[in-house]
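> Below is the sequence, then the predicted model.
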Amino acid sequence: MQYLIDASVYVFRAYYSMPEDMVDDNGNPVNALYGFCRFIGDFMEQVTPEYIAVLFDESMTESFRTEIYPEYKANRDPAPPELKRQFEQCRRFVRALGLMGHSSPAYEADDLIGTLVHHGREKGRPSTIVTRDKDLTQLLTRQDIFWDFAGKGKIRYEQIPDSFGVWPEQIADFLALAGDAVDNIKGVPGVGKKTATGLLEHFGCLDDIYANLDRVHEVNVRGSKTLAAKLDTHKEDAYLARRLTGIACDAPMKNVEALMQPSAPSLGKINALYDEAGIGMALRRQAERVSDIYRH
């Protein structure tokens, strides 16, 4: 099993859940750093993975998706400077802990995770994706696990419809139809979550929906008699959205097999970071325990 951590989700979670008055000696916030380091330390102690990667988003405004659709994620406010600073500290911590940390200016963390999922499959190794982001469920097969760490817990392939309404292989089509407000993807106007779910339950995928527009009236959803016309009018919108909602699994990444195997942490670098951030003994002792695991 390989473990792929969607780092940005947990940095943001720490930033908004940990006290704002956690600052270093210069008054810089360290709440996101502290929460993220504790999460990674807890994870490493609980799992002691043989293969692991921690993937970061590098930019919300530049990726291959913004080239396709400039309005992609344009509704999001930029991260505040105090959070950007902590993101870089979190990356330093991952490297000092001996873990593979990676980001790309052209690909999002989702795409890096997708690339590593497929790399693992080529090696006969299933993946556990550690995230809270439903988009990543589209990568699952029956051997893989979606793990909402400190949230809903582990969710397997066959449990995805109970949690998200559709099967993993339908997630990207679902988002293309219903839209995704978080990423500023419009989808098909007039098609909400219930309608998108009904269409996919009936036809299976986006291509088959459009191949059978003359049968859309059979779907048991409100407004089904006029639904085919809406879908036909906005076909280009639906397929544009589908190019955005699908996860790329071919991001260029080198030497990943070796990098995914944890090395012994550098306690000197970790303690230097903690000195800089004014972080006390609890996380230092945790780092020592993780170090003991990987030195033996």
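Right, received. Where do you want to start?
> can you list the weak-confidence ranges in this structure?
60-61, 296 (pLDDT under 70).
> what ranges do the helices span in it?
Taking DSSP state H as the criterion, the chain carries its helices at 7-17, 31-47, 64-68, 81-96, 109-122, 160-164, 171-178, 193-203, 206-211, 224-233, 235-245, 256-259, 267-277, 281-295.
> and the ones you listed as TSV, adding mean neighbour count and distance to residue 143?
In this view, the C-beta of every residue, glycine as well, is placed from N, C-alpha and C. TSV is the format used below for these (neighbours: other CB atoms under 10 Å; distance: least, CB to CB, whole Å):
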stretch	mean neighbour count	distance to residue 143
helix 7-17	20	23
helix 31-47	21	17
helix 64-68	15	28
helix 81-96	18	26
helix 109-122	22	8
helix 160-164	15	14
helix 171-178	25	17
helix 193-203	19	23
helix 206-211	17	25
helix 224-233	15	34
helix 235-245	18	23
helix 256-259	14	19
helix 267-277	17	34
helix 281-295	15	26
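> Could you dump those into TSV and include distance to residue 138?
Output for these, formatted as TSV (distance: least, CB to CB, whole Å):
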stretch	distance to residue 138
helix 7-17	16
helix 31-47	23
helix 64-68	15
helix 81-96	25
helix 109-122	8
helix 160-164	9
helix 171-178	4
helix 193-203	13
helix 206-211	13
helix 224-233	21
helix 235-245	8
helix 256-259	21
helix 267-277	35
helix 281-295	32
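> mind checking which of the ones you listed is nearest residue 184?
helix 235-245 (9.3 Å; CB to CB).
> Distance from the chain centre to the closest one, please.
Here helix 235-245 is found 20 Å from its chain centre; the criterion is CA atoms, centre = their mean, to the nearest Å.
> cool, and stretch 151-171?
The answer for stretch 151-171 is 14 Å, by CA atoms, centre = their mean.
> Can you say which of the helices of the chain is nearest to residue 142?
helix 160-164 (10.6 Å).
> out of the helices of the chain, nearest to residue 128?
helix 31-47 (8.5 Å).
> pull the CA atoms of the closest one into PDB?
Listed next in PDB are the C-alpha coordinates belonging to helix 31-47 (Å, rounded to 0.1, in the frame of the first residue of the first chain):
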ATOM      1  CA  ASN A  31      -1.000  27.900  13.700                       C
ATOM      2  CA  ALA A  32      -1.100  26.200  10.300                       C
ATOM      3  CA  LEU A  33       2.400  24.900  10.700                       C
ATOM      4  CA  TYR A  34       1.800  23.500  14.200                       C
ATOM      5  CA  GLY A  35      -1.400  21.800  13.200                       C
ATOM      6  CA  PHE A  36       0.000  20.300  10.000                       C
ATOM      7  CA  CYS A  37       3.200  19.000  11.700                       C
ATOM      8  CA  ARG A  38       1.100  17.400  14.400                       C
ATOM      9  CA  PHE A  39      -1.100  15.800  11.700                       C
ATOM     10  CA  ILE A  40       1.800  14.400   9.800                       C
ATOM     11  CA  GLY A  41       3.500  13.200  13.000                       C
ATOM     12  CA  ASP A  42       0.300  11.500  14.100                       C
ATOM     13  CA  PHE A  43      -0.100   9.900  10.700                       C
ATOM     14  CA  MET A  44       3.500   8.600  10.600                       C
ATOM     15  CA  GLU A  45       3.300   7.100  14.100                       C
ATOM     16  CA  GLN A  46      -0.100   5.400  13.300                       C
ATOM     17  CA  VAL A  47       0.800   4.100   9.800                       C
END
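> What is it packed up against?
strand 2-6, helix 7-17, helix 81-96, helix 281-295 (3 or more CB pairs under 8 Å, 6 or more residues apart in numbering; DSSP states H and E).
> Pull the distance from that helix to the chain's centre.
17 Å.
> Next, the residues that contact it from outside, please.
Applying CB atoms under 8 Å, 6 or more residues apart in numbering, the external contacts of helix 31-47 come out as 3, 5, 7, 10-15, 17-20, 22, 54, 83, 86-87, 89-90, 93-94, 97, 99, 130, 149-150, 262, 277, 279, 283, 286-287, 289-290, 293.
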